[in-house]
Every structure is written in C-alpha cells, then in structure tokens.
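Chemist: got a predicted structure here, sequence first:
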Amino acid sequence: MKKELKIIEGKLIPCDNEEESIVTIFISPTKEECQRLIEEYHIDEHTLNSSLDPDEISRLEFEENHIAMIIKRPKNYSTKDNFLFKVTSIGLFIFKNKMIIVMPEDIQILERKFEGKPNLKINNLNDILLKLLYGTIYHFLGHLRVINMISDSIEEKINTSMENKYLINMFTLEKSLVYYLNGITSNGVLLEKIKTNINKFHFTEQQIETLEDVIIENTQCHKQAEIYSNILAGLMDARFSIVNNNLNILIKSLTILSVVFMPLNVIAGIGGMSEFSMMTQGIDWRISYSLLILGLIGVAFLTYFILRIFFKKK
C-alpha cells in the first residue's frame, strides 16, 4: 500500500500524483516496491529491511544522495495482544526534495499537531521530520497513560481476587514497559545524533529550538516510562502477598464452615436412624423433627461463635 502527501498551506494533504507529492509512505511494501526503492532511489537493502524489523534499533546513516534513519514507535494495539504493548520500526529516507517513509503496518504518524506550538506550520521536509519525531514521543506518552490506567484497574481486581490471570496481566504490562524503555532510549540516541550532525540537515533557528524541545520531551517520556516500570516491578511482591492472603482467608472460611458442619453431620446421622424414632416414641414426628432442626441450628451457631472467638485470639 502506498500513500502520497503534499504540502498545502502549512499542512500535509493526500494527493494522487506522485510527482507533486513531497512524502511517499510505503505500508508493508511488496517485493516489487522494495526492489523499486532499491533500484530507483538507491536505498540500501539492509536498511530497507531494517525498516520492517520490529527488533531493529534506531539509527542514523548518511548516504550519498539521502539521509536514512530508523526510529522506534509504538505498535498498534488490539485486544488480541492481551495487554502486551509492542514497539515497531519505521524507516525514513530523506532526499533533497522528497521523503520516503517505510513501515510494516498502517500507523498514523503525521496526524498529531505540535503540542504547545500551534503556530508552527509545515514548510519543508525538516518540519515534517520534526513533526514525525514529536508525534512519536506523544504516541509513546499516550500508550504509557493507557498502561497506567490498565495497571490501576488490574490492581483493584487483584485486591479481591485469587486468580493468577491478573498477575499474568501485570507481568505482561511490565514486559511492555521494558519494550517501551528500549524504544524511547533508542530514539533518544537518534535525536542526539541528529543534534550532533545538525549542519547536515540545514535546520533553521526555529527548527533547532523545536529539536531541543523534542529532545526534552523524549527525556521526560523516558523518565515517565522508567517510573511506571519501577513502580510496577516494585509492587509485584506486594501483589503476590495480597493474592496469597486472599487465598488464606478463603481457606480459613472453608475450614470454619467444615468444622461447623462436623457436629451437625453427627446429629443428623443420629436423627436419621431408628434409635431416634425409639427415643421420640409417643411424640408427634412433626414436633420431634422440628426440635431436631432447631437443635441443629443452635449447635451450628454455637460452634460458629466458638470458632470465631478462637480464630480472633489467633
């Protein structure tokens, strides 16, 4: 799948003409499209394959006729992932008058406005690059907020549950945060490399200021992910204790219940034998069995209160 975009009045607008477009996006490119990128645009085959590899780290390379970079971005989440948030790779190939973006799935990468910079418009490829990097960071931040909300919801369920599935969900979220930390750290290294080679990008003063803001936002995003990860990992032992405590409370309740029914079983067994009929001979059966039922209830309550006092002392 391929998309073409061009700049109109400071915005990126879809277009149908490849010659007019300034950005071409290849989504899960076919072998023919990959071959075309290699032959026509002289994109390195290894770098192109790295754009579709979710395990590839962020990097920056300067080729003869273009700049190539790999950035990390959160993968689209679906319910089938079972609380596992993954990270994917995106390839950017910046030529003199064109940018080619290669990614393994359809991700909205240029829809986000510059947070805190509403007046910053898109005028050239550098603005598009900064917008994409800025949007990537806020995509990470958005997913971190979702992970935090899911963690709070699961934690409430753990407080009253004895099932392992909620603990497994917490482990999955913790694993997701490790992926996110690696991706954000990798992007941070990429941003520092861009800053080091800033002359090769021909940034304006305003774009340099925006790049500084992007680096600061990425650092804050990394700290937030690190805090969430540390909290989640640090409280796992406490959550294990909560589940074990809930299980102990259940076993205690079942023990009390079984002990309460032990004398009742004895009395009920006697009441169901012929000896009881002999003992109550001459008494109406409705009265005798009513007294038996009342006796069972009385013994049950007495046993319950005795056990309750005993366990309180413990």
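Modeler: Done, it's in.

Chemist: in this protein, which ranges drop under the pLDDT threshold?
Modeler: The chain contains residues with pLDDT under 70 at 109-120, 159-163, 236-246, 256-257, 259-261, 263-282, 284-285, 288-289, 307, 310-314.

Chemist: cutoff 50 now
Modeler: Along the chain, segments meeting pLDDT under 50 span 112-116, 118.

Chemist: ranges for the helices of it?
Modeler: 31-40, 45-50, 125-158, 165-196, 205-234, 236-271, 274-279, 285-313 (DSSP state H).

Chemist: will you turn those into TSV that also has mean neighbour count and distance to Pro14?
Modeler: The C-beta positions use only the backbone N, C-alpha and C, and glycine is treated the same way. Shown next, in TSV, are the helices of the chain (neighbours: other C-beta atoms under 10 Å; distance: least, C-beta to C-beta, whole Å):
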stretch	mean neighbour count	distance to Pro14
helix 31-40	13	18
helix 45-50	15	24
helix 125-158	19	14
helix 165-196	18	27
helix 205-234	16	24
helix 236-271	13	46
helix 274-279	11	89
helix 285-313	12	70
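
Chemist: so which of these comes closest to Gly10?
Modeler: helix 125-158 (8.6 Å; C-beta to C-beta).

Chemist: the closest one - contacts with which helices or strands?
Modeler: Contacts defined by 3 or more C-beta pairs under 8 Å, 6 or more residues apart in numbering; DSSP states H and E place helix 125-158 against strand 67-74, strand 87-94, strand 99-103, helix 165-196, helix 205-234, helix 236-271.

Chemist: tell me the angle that helix makes with helix 205-234.
Modeler: Helix 125-158 and helix 205-234 meet at an angle of 20 degrees, taking axes from the mean of the first three to the mean of the last three C-alpha atoms, to 10 degrees as the criterion.

Chemist: centre of the chain to helix 125-158, how far?
Modeler: 9 Å (C-alpha atoms, centre = their mean, to the nearest Å).

Chemist: now do it against strand 99-103, angle only.
Modeler: 20 degrees.

Chemist: returning to what we had before: closest to Leu144 out of the helices and strands packed on helix 125-158?
Modeler: Among these, helix 205-234 comes nearest to Leu144, with 5.8 Å by C-beta to C-beta.

Chemist: thinking again about what came up before, any chance of the helices and strands packed on helix 125-158 in TSV, with distance to Asn49 too?
Modeler: Shown next, in TSV, are the helices and strands packed on helix 125-158 (distance: least, C-beta to C-beta, whole Å):
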stretch	distance to Asn49
strand 67-74	11
strand 87-94	9
strand 99-103	10
helix 165-196	17
helix 205-234	26
helix 236-271	37
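
Chemist: closest one to Asn148 among those?
Modeler: Comparing these against Asn148 with C-beta to C-beta, the closest turns out to be helix 205-234 (5.9 Å).

Chemist: follow-up on the earlier one: tabulate the helices of the chain (TSV), appending distance to Leu5.
Modeler: Below are those laid out as TSV (distance: least, C-beta to C-beta, whole Å):
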stretch	distance to Leu5
helix 31-40	17
helix 45-50	20
helix 125-158	9
helix 165-196	22
helix 205-234	19
helix 236-271	45
helix 274-279	91
helix 285-313	70
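
Chemist: among these, which is nearest Ile100?
Modeler: Comparing the helices of the chain by C-beta to C-beta, helix 31-40 comes nearest, at 6.9 Å.

Chemist: any residues touching the closest one, and which ones?
Modeler: The contact list for helix 31-40 (C-beta atoms under 8 Å, 6 or more residues apart in numbering) reads Lys2, Phe26, Pro29, Ile43, Asp44, Glu45, Leu48, Phe93, Ile100, Val102.

Chemist: now do the nearest residue to Asn124 once chain neighbours are set aside: how many residues are near it, please.
Modeler: Among residues not flanking Asn124 along the chain, Ile7 sits closest, at 7.9 Å (C-beta to C-beta, 6 or more residues apart in numbering). Neighbourhood size, Ile7 [other C-beta atoms under 10 Å]: 20.

Chemist: one step back: mind checking the helices and strands packed on helix 125-158 for the one nearest to Ser58?
Modeler: If you check each of these against Ser58 by C-beta to C-beta, helix 165-196 wins as the nearest, at 3.9 Å.

Chemist: between strand 67-74 and the closest one, find me the angle.
Modeler: Helix 165-196 runs at 160 degrees relative to strand 67-74, counting by the same axes, to 10 degrees.

Chemist: helices or strands up against helix 165-196?
Modeler: Helix 165-196 packs on strand 59-62, strand 67-74, strand 87-94, helix 125-158, helix 205-234, helix 236-271, going by 3+ C-beta pairs under 8 Å, 6+ apart.

Chemist: mind saving the C-alpha coords of stretch 299-312 as CSV?
Modeler: Extracted as CSV, the C-alpha positions of stretch 299-312 are listed here (Å, rounded to 0.1, in the frame of the first residue of the first chain):
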residue,chain,number,x,y,z
VAL,A,299,-25.4,-26.3,67.6
ALA,A,300,-24.3,-24.6,64.3
PHE,A,301,-24.4,-21.1,65.8
LEU,A,302,-22.7,-22.2,69.0
THR,A,303,-19.9,-23.9,67.0
TYR,A,304,-19.5,-20.9,64.7
PHE,A,305,-19.2,-18.4,67.6
ILE,A,306,-16.7,-20.6,69.5
LEU,A,307,-14.5,-20.9,66.3
ARG,A,308,-14.8,-17.2,65.7
ILE,A,309,-13.6,-16.4,69.1
PHE,A,310,-10.8,-18.9,68.7
PHE,A,311,-9.6,-17.5,65.4
LYS,A,312,-9.7,-13.9,66.7
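
Chemist: thank you kindly, that will do.
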